[in-house]
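1. Would you be able to build a 3D model of this:
(one chain, ligands or ions: 2)
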Amino acid sequence: MLTQIDHVGIAVSDLGEAVERYRRTFGLEPTHRERMDDQGVEEVLFAVGGSFVQLLGALGPDTPVGRFLRKRGPGVHHVGYRVAHLADVLDHLRAEGVSLIDEAPRPGSRGTTIAFVHPKDMGGVLVELVEAP
Ligand code: CMX
Ligand code: CO
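-> Ligands and ions are numbered 1, 2, ... in the order given. Here you go, the predicted model:
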């Protein structure tokens with residue numbers, strides 16, 4: 001069902017500073033930058049092997065990442081898993097009684113299709129499912 005780790009999402013308070021930190025510390029160059037107004041975030045992706053590190057800056061305090069930063073501070077925000085058929089995986093999770101944040105697949109960055117699973121049934125970890133374009 002899960003084919004690989006697509007990305008690890010990390011909430012940062014200053015996106016520009018975090019990008020410089022990853023560049024200097026690990027010699028990584030950003031491979032993608034995108035502002036997603038519907039999610040209230042701006043992301044910068046670094047490719048690591050076949051997966052990404054996704055740095056997430058909040059577009060305002062009243063957004064998922066903005067609230068996370070206020071309550072918990074910077075750190076790991078979610079894990080994104082790649083799946084082949086997102087709609088089928090959502091049907092399966094629903095049948096298993098898992099709480100979904102997104103009842104149906106919706107557009108993500110890079111032309112992907114995504115859905116979030118609530119952390120309360122996932123051991124406190126916010127999970128994102130990602131279907132490649
Ligand atoms: N990981 C784990 N738990 C989290 C969490 C996270 N990232 N964010 C919030 N929570 C927990 C809180 O600790 C809180 O738990 P308690 O009820 O035990 O206190 C609960 O969820 C509700 O917290 P909240 O402050 O009310 O948070 P929100 O209103 O933001 O709701 C959530 C939480 C997960 C439903 C919301 O953040 C959401 O819908 N997230 C999905 C969308 C998203 O995160 N977009 C940004 C990333 C975009 C991308 O990667 O493409
Ligand atoms: Co993500």
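2. Could you check the lengthiest helix in the chain and say which residues are buried?
-> Secondary structure of the chain read by DSSP state H shows that its longest helix is helix 15-26. Neighbour counts using 16 or more other CB atoms under 10 Å place Leu15, Ala18, Val19, Tyr22 of helix 15-26 among the buried residues. For glycine as for every other residue, the C-beta is placed from the backbone atoms N, C-alpha and C.
3. same thing with stretch 66-76?
-> Gly66, Phe68, Leu69, Pro74.
4. next one: stretch 41-59
-> 41-46, 51-58.
5. right, is that stretch up against ligand 1?
-> Yes - residues of stretch 41-59 contacting ligand 1 under CB under 6 Å from any ligand atom: Val41, Gln54, Leu56.
6. Adding pLDDT and secondary structure as columns, could you present those residues in CSV?
-> Formatted as CSV, the residues of stretch 41-59 next to ligand 1 follow (pLDDT from 0 to 100; DSSP: H, G, I helix; E, B strand; the rest coil):
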residue, pLDDT, secondary structure
Val41, 98, strand
Gln54, 98, strand
Leu56, 98, strand
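7. Out of those residues, flag the one nearest to ligand 2.
-> Ligand 2 lies nearest to Gln54 out of those, by CB to the ion, at 5.0 Å.
8. quick one: contacts for the closest one?
-> The contact partners of Gln54, by CB atoms under 8 Å, 6 or more residues apart in numbering, come to His7, Val8, Gly9, Ile10, Glu43, Val44, Leu45, Gly80.
9. do the same with Ala115
-> Counting by CB under 8 Å, 6+ apart, Ala115 has contacts Leu86, Leu90, Leu100, Ile101, Asp102, Ala104, Pro105, Arg106, Glu128, Leu129.
10. change it to 6 Å
-> Ala115 makes contact with Leu90, Asp102, Pro105, Leu129, according to CB atoms under 6 Å, 6 or more residues apart in numbering.
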